[in-house]
Each structure stands twice: as C-alpha cells, then as structure tokens.
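**Student:** Generate coordinates for the sequence data below:
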Amino acid sequence: MNKKFWEDILKYCRTDIAFTSVENVETKAQKNYMPTFFFAETLKYFYLTFSHHQNTFSFDDYIFNTEAHQFRRDHFDKEIAKQRLGIHK
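**Tutor:** Sure thing, here's the model as predicted:
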C-alpha cells in the first residue's frame with residue numbers, strides 16, 4: 001500500500017520545483033503550495049517504511065508518536081507516562 005501511495009505522490013503531487021497537495025481527488029487538480037507536514041511527517045513515514053528491511057534503523061529500540069517522532073525505548077519511563085496521561089492503575 002505504501003509503495004502505491006508513494007507512486008501516486010510522485011505522479012500527482014510532484015511539480016517541477018517541489019511537491020504539492022491535490023485539491024480535487026476526482027480531477028487530480030493540484031494546489032499551489034506544499035504542506036508543512038510533507039517533509040516532517042510524510043517523507044519520514046516513507047523512510048521508516050522502506051528502510052525497515054535494510055537494517056539501517058533499529059525499530060526495536062524506538063517507539064513513534066502519531067507524527068513519526070521517534071523516542072528511544074530505554075528513555076521511556078512507563079510510570080511517568082501513566083502519571084502524565086492520568087492513568088492510575
């Protein structure tokens with residue numbers, strides 16, 4: 001699915017100078033700007049997806065939030081997380 005997603009980004013969102021969004025999914029008309037999250041999130045997800053089998057990144061050592069920010073597992077304190085999330089079990 002990610003391979004198809006990447007191919008569609010290249011086909012419908014790539015311009016001569018950057019990447020953009022699609023304004024209308026039926027016509028594939030492009031918008032005239034690049035979203036700020038494109039590099040920070042979209043390309044990071046692709047890197048994580050396509051580098052998984054190359055052993056260039058230790059996925060077992062990190063956890064990711066919804067914006068693909070990585071956090072080392074050995075720096076993650078479960079008790080502090082429970083406290084901050086209001087989980088008192």
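
**Student:** Check Arg73 and give its pLDDT.
**Tutor:** pLDDT recorded at Arg73 is 86.

**Student:** Where do the helices of this structure begin and end?
**Tutor:** Listed in chain order, the helices of the chain (DSSP state H) span 2-12, 37, 43-51, 78-85.

**Student:** Minimum distance to Ala29: which of these has it?
**Tutor:** Ala29 lies closest, by Cβ to Cβ, to one member of those: helix 2-12, at 9.5 Å. Placement of C-beta: from N, CA and C, glycine included.

**Student:** Okay, angle between the closest one and helix 43-51 too, please.
**Tutor:** Interaxial angle, helix 2-12 versus helix 43-51 (axes from the mean of the first three to the mean of the last three Cα atoms, to 10 degrees): 130 degrees.

**Student:** what's the offset of helix 2-12 from the middle of its chain?
**Tutor:** 14 Å (Cα atoms, centre = their mean, to the nearest Å).

**Student:** Then stretch 73-89?
**Tutor:** The answer for stretch 73-89 is 24 Å, by Cα atoms, centre = their mean.

**Student:** Could you pull up the contacting residues of the residue most central in space within the chain?
**Tutor:** By Cα atoms, centre = their mean, the chain has its centre lying nearest to Tyr45, at 3.2 Å. Tyr45 makes contact with 2, 68, according to Cβ atoms under 8 Å, 6 or more residues apart in numbering.

**Student:** Next, work out how far apart it and Phe39 are.
**Tutor:** As judged by Cβ to Cβ, to the nearest Å, Tyr45 and Phe39 stand 11 Å apart.

**Student:** I'd like the helices of the chain as JSON lines, with distance to Asp60 and mean pLDDT appended.
**Tutor:** Shown next, in JSON lines, are the helices of the chain (distance: least, Cβ to Cβ, whole Å; pLDDT from 0 to 100):
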{"stretch": "helix 2-12", "distance to Asp60": "20", "mean pLDDT": "94"}
{"stretch": "helix 37", "distance to Asp60": "26", "mean pLDDT": "85"}
{"stretch": "helix 43-51", "distance to Asp60": "13", "mean pLDDT": "84"}
{"stretch": "helix 78-85", "distance to Asp60": "17", "mean pLDDT": "85"}
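
**Student:** Pull out the buried residues from stretch 32-45.
**Tutor:** For stretch 32-45, burial by neighbour count (16 or more other Cβ atoms under 10 Å) applies to 38, 42, 44.
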